[in-house]
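K.L.:
3D, please:
(chains A and B)
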Number of protein chains: 2
Amino acid sequence: MMDSTLVRTAFFVSDGTGITAETLGHSLLTQFEGVKLRQVRMPFINSAEKARECVARISQAARDDGVRPIIFTTLVEPDLNTILRQTDALCLSFFETFIGPLEIELAVKSTHTIGRSHSSTDSNSYKDRMEAINYTLGHDDGITIQGLEEADVILVGVSRCGKTPTSLYLAMQFGLKAANYPLIPEDFDRRALPEGLDKHRAKLFGLTIQPERLQVIRNERRPNSRYAAIENCKQEVAEAEKLMRKEGIRWLDSSTKSIEEISTTILQEIDLERNCY
Amino acid sequence: MMDSTLVRTAFFVSDGTGITAETLGHSLLTQFEGVKLRQVRMPFINSAEKARECVARISQAARDDGVRPIIFTTLVEPDLNTILRQTDALCLSFFETFIGPLEIELAVKSTHTIGRSHSSTDSNSYKDRMEAINYTLGHDDGITIQGLEEADVILVGVSRCGKTPTSLYLAMQFGLKAANYPLIPEDFDRRALPEGLDKHRAKLFGLTIQPERLQVIRNERRPNSRYAAIENCKQEVAEAEKLMRKEGIRWLDSSTKSIEEISTTILQEIDLERNCY
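P.N.:
This is a model prediction of the structure:
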């Protein structure tokens, strides 16, 4: 999908997955509004031969574009970095830049181990993340009230306010077991939380949403339904907020927040940071 | 959860979620095996007042630890960076380091907009990701064969070989609609793919796994079951590989790969990169 209006190419070069290089590169590029770059991911560049192939591809892009590419790289090996620099490009090498100061500060030589960031399937934190994903999928949308004592956090809120993607993000990024329960009209009629949640009040966190935004989201799902009607959305949101207020549940408004922002805010609020590395 | 054996603190300081700062910091720290740091996330540091609170907390950690902390920061605002540098710490400031060279290269001033990385809920790529998550959840574990024409990729493999977490990662990180289908004994008996997948052969990608690893994973789920028995695992894996070979489906072995590595490899293989930023 080449876009001919884009005249410059960005490469994300890594000896591992390239996810860190891409995250960092994207982050920098968000600061240049309107600048569009063709983007090419070059993962698993873990040998001199692959590095040279990579250089050939970057040089080709330079010729095709008529302007030198930008490289965002997390290559660890000095030799591979040296090869990469043989092409005419702006090369932002994250590890090369920061490993030196860190080695001095920690008074330890780095291991220069390639492909470390996303490869440790045997680490406890990786296992915790996989277990958290399984747990979260098994406790999505009020499927069960079994096993809630294991939950790190339990999200509540009206249908389609963002509970499911937030729960999955909390599990995948932070390794948290995140259950979620919809607040539905019969809860409002009973003026009580869904059954079984009472005992776990300290883990409860609410999401709310502006009714107008909820209407848009629900309408995509079930066009022109009573479910998506603005009057119904307004009423459900008002009832949910009333219930959360009565039950003393902390909540935040998800209307204009990304799942990353919602998740980070929840982490702060419930103080669930895992502080040890 | 303070661990008294850890004598030094790392801070991830950001005007946004801190996820980029943490990704960078973790990535660098994987290069220092055996070095353990207390880790503190400081997100949403978007004002001088909050930056000064942050400095106070970092200075306190320096006093408590008796050694200066390490700061990984993605603060954009020069003024906030200046405040942060008033504390005695090793400060690795990601934007400060790399925005300058990028501004020169792109011949454009950066916008210095704070909290950009994970905040654009109105962007198309964010909406695509949310839609992909919903799609993927709705097409997990062979729930339905409806709507497969919309899938970007369809994973197949024996039960518990990693299809679900990989599908979710593909959706969440890359915005891909990833369906997944188990290959089960009745497929092996019929010597054919699950019904409905034939038409979508070009999107199929297989995961396989070492039987010994599969046994461990299944045994955690259903201890001492026939399902988890090594003989059964061996047979299922052999049958699944035979079927995938017969059907000409590309596959990879997930046994020692993280979901990040599996996902990145799949992206490369099926050439599903979205090249435009």
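K.L.:
and the stretch 51-200 of chain A, which of its residues are near chain B?
P.N.:
The stretch 51-200 of chain A has residues A:70, A:74, A:76, A:90, A:92, A:94-95, A:97-99, A:101-102, A:105-106, A:108, A:110-113, A:116-121, A:126, A:130, A:133-134, A:137, A:140, A:164-165, A:168-169, A:172-173 near chain B, with proximity defined as Cβ under 8 Å from any Cβ of the partner chain. (C-beta placed from N, C-alpha, C; glycine too.)
K.L.:
can you give me the helices in the stretch 51-200 of chain A?
P.N.:
For the stretch 51-200 of chain A, applying DSSP state H, counting those that start in this stretch gives helices covering A:78-84, A:94-106, A:124-138, A:163-174, A:185-190.
K.L.:
what about the longest one, average pLDDT?
P.N.:
The reference is to helix A:124-138. On average, the pLDDT along helix A:124-138 is 93.
K.L.:
and it, what does it pack onto?
P.N.:
On a contact count with 3 or more Cβ pairs under 8 Å, 6 or more residues apart in numbering or on different chains; DSSP states H and E, helix A:124-138 meets helix A:163-174, strand A:178-182, helix B:163-174.
K.L.:
which one of the ones you listed lies closest to residue B:53?
P.N.:
Proximity to residue B:53 (Cβ to Cβ) singles out helix A:163-174 among the helices and strands packed on helix A:124-138, at 23.1 Å.
K.L.:
now the closest one, how far from the chain's geometric center?
P.N.:
8 Å (Cα atoms, centre = their mean, to the nearest Å).
K.L.:
which stretches of chain A have low pLDDT?
P.N.:
A:1-6, A:271-277 (pLDDT under 70).
K.L.:
domain ranges for it?
P.N.:
Described in terms of automatic domain parsing, the domain architecture of chain A consists of the residue ranges A:9-106, A:124-270.
K.L.:
ends of the shortest one, how far apart?
P.N.:
This points to domain A:9-106. Domain A:9-106 has an end-to-end distance of 36 Å (Cα to Cα, to the nearest Å).
K.L.:
same question for stretch A:139-157.
P.N.:
15 Å.
K.L.:
and what of stretch A:83-93?
P.N.:
Per Cα to Cα, the first residue of stretch A:83-93 is 12 Å away from its last.
K.L.:
which residue ranges of chain A form strands?
P.N.:
A:9-13, A:38-42, A:70-73, A:90-93, A:153-157, A:178-182, A:204-208, A:251-253 (DSSP state E).
K.L.:
just checking, residue A:149 touches residue A:202?
P.N.:
No - taking contacts as Cβ atoms under 8 Å, residue A:149 lies outside contact range of residue A:202: 11.6 Å.
K.L.:
identify the contacts common to these two.
P.N.:
Both residue A:149 and residue A:202 lack any common contact, where contact means Cβ atoms under 8 Å, 6 or more residues apart in numbering or on different chains.
K.L.:
quick check on residue A:257: phi, psi?
P.N.:
phi -110, psi 140 (degrees, to the nearest 10).
K.L.:
that one: what's its closest spatial neighbour, skipping adjacent residues?
P.N.:
residue B:121 (6.7 Å; Cβ to Cβ, 6 or more residues apart in numbering or on different chains).
K.L.:
and the residue lying closest to residue A:161 once chain neighbours are set aside, how many neighbours does it have?
P.N.:
If the residues on either side of it in the chain are set aside, residue A:161 comes closest to residue A:209, at 4.3 Å by Cβ to Cβ, 6+ apart. With neighbours defined by other Cβ atoms under 10 Å in any protein chain shown, the count for residue A:209 comes to 24.
K.L.:
quick one: contacts for residue A:209?
P.N.:
Neighbours of residue A:209 in contact, by Cβ under 8 Å, 6+ apart: A:157, A:158, A:160, A:161, A:162, A:217, A:237, A:253, A:254, A:255.
K.L.:
and if you look at residue A:262?
P.N.:
Contacts of residue A:262 by Cβ under 8 Å, 6+ apart are A:162, A:166, A:169, A:207, A:252, A:254.
K.L.:
so residue A:204 sits right up against residue A:157, yeah?
P.N.:
No - the criterion here is Cβ under 8 Å, and residue A:204 misses it with residue A:157 at 10.4 Å.
K.L.:
more crowded one of the two?
P.N.:
residue A:157 (28 against 23).
K.L.:
what are the bridge partners for that one, then?
P.N.:
residue A:182 (DSSP bridges).
K.L.:
okay but it is in contact with residue A:164, surely?
P.N.:
No - because the distance of 10.4 Å does not satisfy Cβ under 8 Å, residue A:157 is recorded as not touching residue A:164.
K.L.:
got any residues that touch both of these two?
P.N.:
residue A:180.
K.L.:
who wins for proximity to residue A:232 among the strands of chain A?
P.N.:
Nearest to residue A:232, of the strands of chain A and by Cβ to Cβ, is strand A:178-182 at 14.3 Å.
K.L.:
circling back to that earlier point, okay if I get the contacts of residue A:209 as JSON lines plus distance to residue B:22?
P.N.:
Output for these, formatted as JSON lines (distance: Cβ to Cβ, whole Å):
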{"residue": "A:157", "distance to residue B:22": "26"}
{"residue": "A:158", "distance to residue B:22": "31"}
{"residue": "A:160", "distance to residue B:22": "29"}
{"residue": "A:161", "distance to residue B:22": "26"}
{"residue": "A:162", "distance to residue B:22": "22"}
{"residue": "A:217", "distance to residue B:22": "29"}
{"residue": "A:237", "distance to residue B:22": "33"}
{"residue": "A:253", "distance to residue B:22": "24"}
{"residue": "A:254", "distance to residue B:22": "22"}
{"residue": "A:255", "distance to residue B:22": "25"}
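K.L.:
show me which pair in the contacts of residue A:262 is furthest apart.
P.N.:
The widest separation within the contacts of residue A:262 (Cβ to Cβ) is 14.4 Å, between A:169 and A:252.
K.L.:
which one of these two has more residues nearby?
P.N.:
residue A:169 (25 against 17).
K.L.:
how about that one, what does it touch?
P.N.:
Contacts of residue A:169 (Cβ under 8 Å, 6+ apart): A:259, A:260, A:262, A:263, B:172.
K.L.:
kindly recompute the last result at 6 Å.
P.N.:
Taking Cβ atoms under 6 Å, 6 or more residues apart in numbering or on different chains as the criterion, residue A:169 is in contact with A:259, A:263.
K.L.:
for residue A:131, which non-adjacent residue is spatially closest?
P.N.:
Per Cβ to Cβ, 6+ apart, closest to residue A:131 is residue A:177, 7.6 Å.
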